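In: This is a predicted model, with the sequence first.
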Number of protein chains: 6
Amino acid sequence: MLLYLSTWSEIEQYLKRSRTIVIPIGSNEQHGPTGLLGTDWMCPEIICRAAEQQGDILVAPTFNIGMAQHHLGFAGTISLRPTTFIAAIVDWTRSLARHGFEKILFLNGHGGNVASVEAAFSEIYAESSFAGRRAGFAMKLTNWWDLEGVNELAKEMFPTGHGAHATPSEIAVTQYAYAHAIKHADYSPRIAPSGPIREALDFRARFPDGRMGSDPNQATPEKGRALVELAARSLVKELAAFGDEAVPG
Amino acid sequence: MLLYLSTWSEIEQYLKRSRTIVIPIGSNEQHGPTGLLGTDWMCPEIICRAAEQQGDILVAPTFNIGMAQHHLGFAGTISLRPTTFIAAIVDWTRSLARHGFEKILFLNGHGGNVASVEAAFSEIYAESSFAGRRAGFAMKLTNWWDLEGVNELAKEMFPTGHGAHATPSEIAVTQYAYAHAIKHADYSPRIAPSGPIREALDFRARFPDGRMGSDPNQATPEKGRALVELAARSLVKELAAFGDEAVPG
Amino acid sequence: MLLYLSTWSEIEQYLKRSRTIVIPIGSNEQHGPTGLLGTDWMCPEIICRAAEQQGDILVAPTFNIGMAQHHLGFAGTISLRPTTFIAAIVDWTRSLARHGFEKILFLNGHGGNVASVEAAFSEIYAESSFAGRRAGFAMKLTNWWDLEGVNELAKEMFPTGHGAHATPSEIAVTQYAYAHAIKHADYSPRIAPSGPIREALDFRARFPDGRMGSDPNQATPEKGRALVELAARSLVKELAAFGDEAVPG
Amino acid sequence: MLLYLSTWSEIEQYLKRSRTIVIPIGSNEQHGPTGLLGTDWMCPEIICRAAEQQGDILVAPTFNIGMAQHHLGFAGTISLRPTTFIAAIVDWTRSLARHGFEKILFLNGHGGNVASVEAAFSEIYAESSFAGRRAGFAMKLTNWWDLEGVNELAKEMFPTGHGAHATPSEIAVTQYAYAHAIKHADYSPRIAPSGPIREALDFRARFPDGRMGSDPNQATPEKGRALVELAARSLVKELAAFGDEAVPG
Amino acid sequence: MLLYLSTWSEIEQYLKRSRTIVIPIGSNEQHGPTGLLGTDWMCPEIICRAAEQQGDILVAPTFNIGMAQHHLGFAGTISLRPTTFIAAIVDWTRSLARHGFEKILFLNGHGGNVASVEAAFSEIYAESSFAGRRAGFAMKLTNWWDLEGVNELAKEMFPTGHGAHATPSEIAVTQYAYAHAIKHADYSPRIAPSGPIREALDFRARFPDGRMGSDPNQATPEKGRALVELAARSLVKELAAFGDEAVPG
Amino acid sequence: MLLYLSTWSEIEQYLKRSRTIVIPIGSNEQHGPTGLLGTDWMCPEIICRAAEQQGDILVAPTFNIGMAQHHLGFAGTISLRPTTFIAAIVDWTRSLARHGFEKILFLNGHGGNVASVEAAFSEIYAESSFAGRRAGFAMKLTNWWDLEGVNELAKEMFPTGHGAHATPSEIAVTQYAYAHAIKHADYSPRIAPSGPIREALDFRARFPDGRMGSDPNQATPEKGRALVELAARSLVKELAAFGDEAVPG
């Protein structure tokens, strides 16, 4: 069930049978010579939409702009500052908690978001903790590649050159879903360098074409399909387990 | 050209021929018994995608959560506080300006966003104004119904019961684009009441089914198509005019 | 009744008979070759003081610095950023609501304030909306020129060259109240140009003497008196209607 | 010279002969059974206006709402939070510095403002200090009762029962300037108690009629006139000295 | 009792017999040619640790970075902005109040902190004041040199050249506690100049070696011991009195 | 070299031979029945002080209050909100960068800090990234247990019951350094439970005595000494490597 294609009374009905929701969250940032700028928010969105075909889950709109300051040296990247990001997560969460959602899962597509998402969770919980009251809801962050079985499949498909940014697995996922937008380029070197992440100009000096440690040339739509199908099944299971999780007295 | 389906080097190329970009911006909020929660961000997104088929324009990802505090009494609504909203617009704009965009048009689908968007513009310009320097870029807010000819067409189609929220014109646009998600309900009264907008519980007391002044039953996918086609043509023209606008000395 | 010339116990008495208060709000900014820097806050203050002679209304101190970033290219302008402006409105309102005021009217003298005032209202209401409780008070923004009959009178007095900034009507109001501070200058061109509002240096390039679309030479103290008298009468009526407005269950 | 009764070009002229400006700053808060709510902002405003008759000084609009959280238990008090207060002082100062003012004096009428004003000065200076550059302007806070000779005169006039809030000297100043708004009440006890300042309900429990340590009954308009005349002369001198103060290399 | 060397259950026990806690607070900033960068936070820490040997008091961890923007022109200084400082004090206080502490004393070692600490107190109290409820706890700021008898002793020891920064009394305190870190230098002039405090580069131009009005050469470890012993005794008394202070109805 | 026991000119000298500094950072929070509240900030401080005996490194004052909202259900815990934490890290870093430090290592003692520290780094880098300039300095976060060899040694010492909070290794470190503050208690169960981290009341319900997955009874001062000695050696190496790391063009 896609929240944005539903009416408010349909959501009211859904809340009678479930208090769980999943939010695809990512980033809009350069993904090397052939990766799409939307890769990181499209991957969790694609997986959520596939999962929604299989189970009675509710998918929120996509949180599509993340913390991507290090990619600002490449055209098309859009980034929030961490403090803006935190404020936005606070508001999304307060809105959903207001309606009675008790288990809020963020399915994440961008490693650079992790710290800011977790900081946001702490910011939200802190209000209850300072006040000495229960929050009444729980949040969880899951990277799509950490869904059950997905990392294993990716390693099997891409034993070398998976890397950390513009990976063949994420590019495969977008190739599967947006076949008309598959791009081609020569990669040199075949596997991109690795290194620390700092400000945008430092990043561009270290990673001239935007990739980090990856060889995206290994991506195919078929591999993308396999990844999405597995991830979607695992997501349905993860949401069920999260929804069933008991909260201690 | 859709930014999120492009690579960074394609955007770099685009910037050599144009410095203009359009951002669909809306809200995710209740739209009465039959309106979709995503109506306000989907309408400008639909129009931008139609326009992108007709002209060499660049469409950013959709800013899909807006200022909808007054709708929080209805399940599924997600709202930013105005100050969060402003911070996010500041970051989107600074990101785009960083890449060299000089004309940034927000195509808006939610009346409740207008004040916060304009406040955000002032917040951004103020930095330059306090520092005594030129901004180097210009922002513009256009509601999709204010695109050339659109209001006139909507009035012609819906001479009564257009209203201010969950209007037949916005519902028609989503019916055209998301035909599989058309919902039906009885409306009582046929035309919803009008009144001031305050906090969420006040809103729900005044507008029990969520509509304001509208009779959405008049919407059809065909009317939606006509609105989208006209709006898309007008958007291409508006972007061209905005892009050509000279900046004084 | 002027709040600042009252004691706390007089306000406590007032609250037993009325829960309504009006706050003059404006800006301190350039107003062309002859307009006073205080024009935009003095106009609503003048009108409130005139109204206070006619009815049992309560006038708060004047909120005299507004959102005027675009005028910072002209000496004497003082501006708040929108986020500062919002924080201040939040605090004024929380203070007044704390005392039991339930209808808080901002009588505004500066178009550039509108977005920030409305964003502030939403910021305030949002706290109640997220918490799922009633606010307990209502805010309203009225521009003094939108008081009943005032725009009509201004159009009659100044059929051409009224413009949007440093208008003959606002200058007439200050001429009436501050006759000793009437200034004279040659205007060239007689009617100032129009255009968009952006950062301060852009503004000064477009509007070299500070006026927008206006011919302030038409202002006279007599016209100012007529405007003030009408506006004051309308304000008393508007406050009564706002005070009487029922809040839904 | 009153800034708000001047045009921008008059301020531009003034800046050619002086870079100094004074801002009356106070608070709008309860002042006991007979003190006016506006006392704390009206006192510095009255003194500035008297000074402006005597010397070529420039008086900004009055910063009329201060940090008065402890008085919120009494009707009519309006308070900013310290962080809002700081943000506002930052904006006022950046605006004035933008025009070339180099010596900005805040003439203060409220003891409760002192910490927040000084914190604001540090907030402003910190930007330059972190950046390793000169600020280009200096700020100074002077309480009106600390102007040369004023405390001495007040002690002479009111050897006992001067107190710390709703003092006979500040009430005398407003009686002189607003003779039509003189209020009368019985005070019991004659001299109000003293004690620490905490939150509003604690304050009201300690100081039931709002006074702290004072016997305002000693105030007369004549004493107010003497205080204003002395303070105005001292202010002109203080502004001259501040303006002449050299800034080290 | 040192909080950081205690377990949570020991603190729980302590709260059964006392609701009072003291927080050493200072700054890390240059202290002239021989003063240690940690002087301002080490002094209150030293005194608290001495006091803790004498009475059943509870000492929190040291708040060691303060508002020292004006010292940033000298290597090793670390400063918070006032608004960061306020946010941190808010969080410390909310944490302690959450556990039931009702009397929270900040023993301060840096004059430059005073405004920001008091602004923070007001920020905290304001939440209760706007909400119309009691805070439930009280905060107090005491500079260590204002503890009973300490200023008098310092004046007796250092009748001239005590000054305002890098004073012989604070340097003596650190010499007593950190005898292995005593530094030597020639001072020229013997007594440093005085003047206003502005941004860091202005400060360094006025006070080339970092001292303000002081002759630190007079410090000895023995004088430090006498100051610490007196201050510790006075602190124990002050905490007892603060703890015993009744809160009005 | 300990910064706080140095003078500003000693730091100036240090900067001529090195641009690297280490900041011990932790948290003040409950650590189970026997762990000290200061454990998480004392551990990195202890290791830094040991390292400082071995190499020419510079140790900043300890950042002693971290992000510990989940521990607020236990007396003595003090926590910053993530946004306060970020603001503080920004200010510390801007201060140090101002003096010329180019490599800033945070040696961390609290897992709950990681997200907020990394978010703070991104907040700092983002300013440079938006502005399109180099930062001029690099930050790095290292948990003390991740220093070379330390995790391995801890696993060897504590093959079971190491856990995630109130671990025997961190308690051993404090036992070694603060032998007089060793506490004893019975643990039941011997190994504490594991689970997710949410708000404080949820935490206390899941982890009744405060431990997470650990058996702290295995700690001894001797094991602590071995951990500290190894960690100190590894820290000196890590600082050298970080200092030598070249920054790309």
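Out: Looks like it came in fine.
In: which ones are touching A:N217?
Out: Contacts for A:N217 were tallied using CB atoms under 8 Å, 6 or more residues apart in numbering or on different chains; they are A:168, A:187, A:190. In short, each C-beta sits where N, CA and C put it, glycine included.
In: Quick one: the strands in chain A, in order.
Out: All strands of chain A, identified by DSSP state E, fall at A:20-25, A:103-108, A:138-143.
In: Off-centre distance for the first one?
Out: A distance of 9 Å separates the C-alpha centroid of strand A:20-25 from that of its chain, computed with CA atoms, centre = their mean, to the nearest Å.
In: distance of A:E29 from B:P61?
Out: Using CB to CB, to the nearest Å, we find A:E29 at a distance of 11 Å from B:P61.
In: Overlap of the contact sets of those two?
Out: By CB under 8 Å, 6+ apart, the residues touching both A:E29 and B:P61 are A:I78.
In: more neighbours, the two?
Out: Under the neighbour definition other CB atoms under 10 Å in any protein chain shown, A:E29 and B:P61 were set side by side, and A:E29 has more, 31 against 22.
In: Relative to B:A51, how far out is that one?
Out: Following CB to CB, the distance that separates A:E29 from B:A51 is 24 Å.
In: Please apply the same query to A:S214.
Out: In this structure, A:S214 and B:A51 are 34 Å apart, going by CB to CB.
In: neighbour count winner among those two?
Out: Using other CB under 10 Å, the more surrounded residue of A:S214 and B:A51 is A:S214, with 29 against 25.
In: That one against A:S169, yeah?
Out: No. A:S214 lies out of contact with A:S169 (CB atoms under 8 Å); the separation is 9.3 Å.
In: shared neighbours, these two?
Out: What both A:S214 and A:S169 touch, as defined by CB under 8 Å, 6+ apart, is the set A:H162.
In: Distance of the residue lying closest to A:G161 once chain neighbours are set aside relative to A:A192?
Out: Take A:G161 and drop its neighbours on the chain: the residue closest to it by CB to CB, 6 or more residues apart in numbering or on different chains is A:D215, 3.1 Å away. From A:D215 across to A:A192, the span is 8 Å (CB to CB).
In: higher neighbour count, those two?
Out: A count of neighbours by other CB under 10 Å puts A:A192 above the other of A:D215 and A:A192, at 26 against 20.
In: Phi first, then psi, for the residue lying closest to that one once chain neighbours are set aside.
Out: Ranked by CB to CB, 6+ apart and with sequence neighbours excluded, the top spatial neighbour of A:A192 is A:R211, at 3.5 Å. When read as degrees, to the nearest 10, the backbone of A:R211 gives phi -80, psi 150.
In: ok, A:R211 to A:I46 distance?
Out: Remark: distance between A:R211 and A:I46 (CB to CB) = 21 Å.
In: okay, those two: which has more neighbours?
Out: Set side by side, A:R211 and A:I46 show more neighbours around A:R211, with 26 against 23, by other CB under 10 Å.
In: wait, isn't A:S9 in contact with B:P33?
Out: Yes. At 6.6 Å, A:S9 and B:P33 qualify as touching, with contact defined as CB under 8 Å.
In: so how many other residues sit close to the closest residue to chain E within chain A?
Out: Chain E sits closest to A:F130 of chain A, with a gap of 4.8 Å, by CB to the nearest CB. When neighbours are counted by other CB under 10 Å, A:F130 registers 20.
In: so it touches E:R98, yeah?
Out: Yes. The criterion here is CB under 8 Å, and A:F130 meets it with E:R98 at 5.9 Å.
In: shared neighbours of these two, which are they?
Out: Common contacts of A:F130 and E:R98, defined by CB under 8 Å, 6+ apart, comprise F:L72.
In: ok, A:K183 to A:V173 distance?
Out: Using CB to CB, A:K183 is found at 14 Å from A:V173.
In: With A:S128 instead?
Out: As judged by CB to CB, A:S128 and A:V173 stand 36 Å apart.
In: In terms of neighbours, single out the busier of those two.
Out: Ranked by neighbour count (other CB under 10 Å), A:S128 and A:V173 place A:V173 first, with 29 against 20.
In: which residues touch the closest residue to A:T34 other than its chain neighbours?
Out: Distance criterion CB to CB, 6+ apart; nearest residue to A:T34, sequence neighbours excluded, is A:K183 at 4.1 Å. Contacts for A:K183 (CB under 8 Å, 6+ apart) come out as A:33-36, B:7, B:10.
In: So which bits of chain A are right by chain C?
Out: Residues of chain A found near chain C (CB under 8 Å from any CB of the partner chain) are A:94-95, A:98.
In: what about chain A, any weak spots by pLDDT?
Out: Nowhere does chain A drop to pLDDT under 70.
In: Any figure for the gap between the closest residue to chain C within it and A:I104?
Out: Residue nearest to chain C within chain A: A:R94 (4.8 Å; CB to the nearest CB). A:R94 sits 11 Å away from A:I104, going by CB to CB.
In: Looking at these two, which has the bigger crowd around it?
Out: Neighbour count, other CB under 10 Å: between A:R94 and A:I104, A:I104 has more, with 24 against 20.
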